[in-house]
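1. okay, predicted coordinates and the sequence, questions at the end:
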Protein chains: 2
Amino acid sequence: MAARKKTTAQSKPGYHHGDLRRALIEASLALIAEEGFSALTLREVARRAGVTHAAPYRHFPDKEALLAAVAEEGFRAMTTLMRERMDKESGPVERLSACGVAYVLFAVQHPAHFRVMFGPHFTKPADHAELAKEGSNAFGLLVQNIVQCQQAGVMLEGEPMPLAVMAWSQVHGLASLLVDQQLQEACKQGATPEQLAQFQTRLLIEGMGRPPQNG
Amino acid sequence: MAARKKTTAQSKPGYHHGDLRRALIEASLALIAEEGFSALTLREVARRAGVTHAAPYRHFPDKEALLAAVAEEGFRAMTTLMRERMDKESGPVERLSACGVAYVLFAVQHPAHFRVMFGPHFTKPADHAELAKEGSNAFGLLVQNIVQCQQAGVMLEGEPMPLAVMAWSQVHGLASLLVDQQLQEACKQGATPEQLAQFQTRLLIEGMGRPPQNG
DNA sequence: CCTACCGATCGGTAGG
DNA sequence: CCTACCGATCGGTAGG
C-alpha cells in the first residue's frame, strides 16, 4: 500500500492527451461535483487534466466557453434520455410522464451538468447560439408531448405553452430540490427520486387533464 | 456634472456605521444582484460598505456565516409574505394558493435572497441551526395548508408529505426558472409572474383535489 | 474599526 | 502544449 503513489491517472508531466478538450470537460464536472462551483478555476481544471494552466486556452477562449461546452453536452444527454424513456411508451400521457421522469432522473444522475445548464453563468446568452438551440430542443420535446395529449383529447385545449411551462416548472422544481439536497428530511421515508417524479407527474397530468368543474 | 464625484454613500474612510452588520448584508445582496455570485468576496462587500477588508471579521467569522445571515433573513421575509397573502383568504384552497403565489413572488422580487437561500453554499448544514429552523418554518406553513385542505375534504387523503413536496416542487420550479431568466421566450406573451403562479397553483390543486377516476 | 503585512491563487500573455 | 512571467486579488492575521 505504501508503494501505491497518490497520483491521478496521468501524472507524467509531459503527457499528451488524445483529446484534451474532453478531458477538460470531464475534469470540470468532477471538480464541480466534488468541491462545488466556487472551486472551478481554469487552473485547477488544467491541473486535474494533467496539463499546465496555459493549455486550456488552446481549446476554450475563457471559462465561460468551457462552461457552455459542458452545458451543451448536458442538454444533448438529457434529450437523449428523455427520448429513450418516451420511446418505451405508446400512449401520449405515458410518453409525457416518461419525459418528465427522465428530466428529474437526469438531474439526479448528473448534478454537475444540471447545475451548469441552469446556473446563471452565461452573461450574454446571445454568444452561445448552439447552447440555446440545445435547450430549445429539450423544451420542444415537452411541448410536443403536451400537444399530442391535447390532440388525443386527454388534456385541456387551447394554448399549449402555459401547460408546457407548468410541466417544466414541476419537474425542474423537483430536480432542483433533489440536486440541492433540500429533500433530505421531508423524504427520508425512503422514496426514491423516480418514485417522487412518477407520483408528481401523475397528479400533474391529472390536474391538466380535465377542465375545471362548471360552477 | 463634472463636480459630481463618483463615490458611494459613504466615501469618508473613517466612517463609523451605526449597524455595519446590516450594511454588510445589504452590500452582499446588491453585489450578487449586480455582478453575480462569483463576484461575492468579503473584501468587495467591505469595500461597498465603506470599511476596510478586516472589518467584516468583527461580525462574521467567514463568508459562509455572512451568507447564512442573508439566507435566514430571506426565509423570515418569505414566511412573512406568505402569511400576509394567506391572511387575506378564508377558504383552505385559496389560502394554499396564496401561499404558493407568495413563494414565487418573493423569489422574483428578491432574486439575490432566493439564490442564497437555495444555493449549495453551506457545506455543513448542521452548523446553521437557526437557518435550518427558518427553512422548516416556511415549509411548515405549506404542510399546514395542505392538511387543512385535507380536513376540509377538498384534497386527497393520506400522507400530507408527498403532496407538500409536490406543491413545493411546483412553486420552486417556477420561481427558479423565473429567477434564472429561463422563461423569456416561452412567456413573452406578456404573462406576469403572478399570473403564471396563479395559473399553475390552480391546476396543481385541481390535480391534488380529486381521487383518480376508478377504472 | 484601521494599517500593514503574509502566502497563495488567479486570469492572461509572450515566446518558444 | 510548455516555461516563465505579469499585475491583481483573495482570505486571513498581528498589532494597535
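-> Received, thanks.
2. for the rest of this, base every contact and every neighbour count on C-alpha atoms.
-> Will do.
3. what's the longest helix in chain A?
-> helix A:63-87 (DSSP state H).
4. whether the very next helix or strand once past it contacts chain B - can you check?
-> For helix A:63-87, the following helix or strand on the C-terminal side (DSSP states H and E) is helix A:92-109. No: if you take Cα under 8 Å from any Cα of the partner chain as the test, helix A:92-109 misses chain B, and the best it gets is 11.3 Å.
5. who are the contact partners of the residue nearest to A:Ile25 when sequence neighbours are not counted?
-> Ranked by Cα to Cα, 6 or more residues apart in numbering or on different chains and with sequence neighbours excluded, the top spatial neighbour of A:Ile25 is A:Val70, at 6.2 Å. Counting by Cα atoms under 8 Å, 6 or more residues apart in numbering or on different chains, A:Val70 touches A:Ile25, A:Leu29, A:His113, A:Val116, A:Met117.
6. which SS class is the last one?
-> Reduced to three states with DSSP: H, G, I helix; E, B strand; the rest coil, the structure at A:Met117 is helix.
7. OK, contacts around it?
-> For A:Met117, the contact set (Cα under 8 Å, 6+ apart) comprises A:Val70, A:Ala71, A:Glu72, A:Gly74, A:Phe75.
8. would CSV of these with distance to B:Arg95 be doable?
-> CSV is the format used below for the contacts of A:Met117 (distance: Cα to Cα, whole Å):
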residue, distance to B:Arg95
A:Val70, 42
A:Ala71, 39
A:Glu72, 41
A:Gly74, 39
A:Phe75, 37
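9. against A:Phe106, how distant is the residue nearest in space to the middle of chain A?
-> The centre of chain A sits closest to A:Phe114, judged by Cα atoms, centre = their mean, with a distance of 3.6 Å. Distance, A:Phe114 to A:Phe106, by Cα to Cα, to the nearest Å: 8 Å.
10. over to A:Gly18?
-> For A:Gly18 relative to A:Phe106 (Cα to Cα), the value is 28 Å.
11. between the two, which one's more packed in?
-> A direct count of neighbours by other Cα atoms under 10 Å in any protein chain shown for A:Gly18 and A:Phe106 places A:Phe106 higher, at 21 against 8.
12. quick check: the more buried one touching A:Thr79?
-> No: using Cα atoms under 8 Å, A:Phe106 is not in contact with A:Thr79, being 9.4 Å away.
13. name the helix or strand for A:His172, please.
-> Element membership for A:His172, per DSSP H and E: helix A:160-179.
14. quick one: the next helix or strand after that helix to helix A:160-179, angle?
-> Next along the chain after helix A:160-179, taking DSSP H and E as the criterion, comes helix A:193-208. Comparing the axes of helix A:193-208 and helix A:160-179 via axes from the mean of the first three to the mean of the last three Cα atoms, to 10 degrees yields an angle of 150 degrees.
15. can I assume A:Phe118 is in contact with B:Asp180?
-> Yes: assessed by Cα under 8 Å, A:Phe118 is found in contact with B:Asp180 at 7.2 Å.
16. separation between the residue nearest to the centre of chain A and chain B?
-> As judged by Cα to the nearest Cα, to the nearest Å, A:Phe114 and chain B stand 13 Å apart.
17. which one is that residue nearest to, not counting chain neighbours?
-> Counting by Cα to Cα, 6+ apart, A:Phe114 lies nearest to A:Ala107, which is 5.4 Å off, once chain neighbours are set aside.
18. now do the one you found, the pLDDT please.
-> On the pLDDT scale, A:Ala107 is placed at 98.
19. tell me how many other residues surround it.
-> Using other Cα under 10 Å, the number of residues around A:Ala107 comes to 22.
20. contact partners for it?
-> Listed by Cα under 8 Å, 6+ apart, the contact partners of A:Ala107 are A:His113, A:Phe114, A:Ala175, A:Ser176, A:Val179.
21. give the contact list for the second one.
-> Right, A:Phe114. By Cα under 8 Å, 6+ apart, the neighbours of A:Phe114 are A:Ala71, A:Gly74, A:Phe106, A:Ala107.
22. relative to DNA strand D, how far out is the nearest residue to the second one once chain neighbours are set aside?
-> Leaving aside its sequence neighbours, A:Gly74 sits nearest to A:His113 (Cα to Cα, 6+ apart; 5.5 Å). With distances defined as Cα to the nearest atom of the strand, to the nearest Å, the gap from A:His113 to DNA strand D amounts to 23 Å.
23. do I have it right that A:His113 meets A:Ser28?
-> No: in this structure, A:His113 is not within contact of A:Ser28 by Cα under 8 Å, at 9.6 Å.
24. pLDDT at A:Pro212, what is it?
-> Here the pLDDT value assigned to A:Pro212 is 52.
25. next, the residue of chain A found nearest DNA strand C: phi, psi?
-> Across chain A, the shortest distance to DNA strand C (Cα to the nearest atom of the strand) belongs to A:Thr41, at 3.5 Å. Main-chain dihedrals, A:Thr41, degrees, to the nearest 10: phi -120, psi 150.
26. run a quick neighbour tally on it.
-> 14.
27. quick one: the spatially closest residue to it that is not a sequence neighbour from B:Leu42, how far?
-> Closest residue to A:Thr41 apart from its sequence neighbours, by Cα to Cα, 6+ apart: A:Lys63 at 7.6 Å. Noted for A:Lys63: a distance of 23 Å to B:Leu42, by Cα to Cα.
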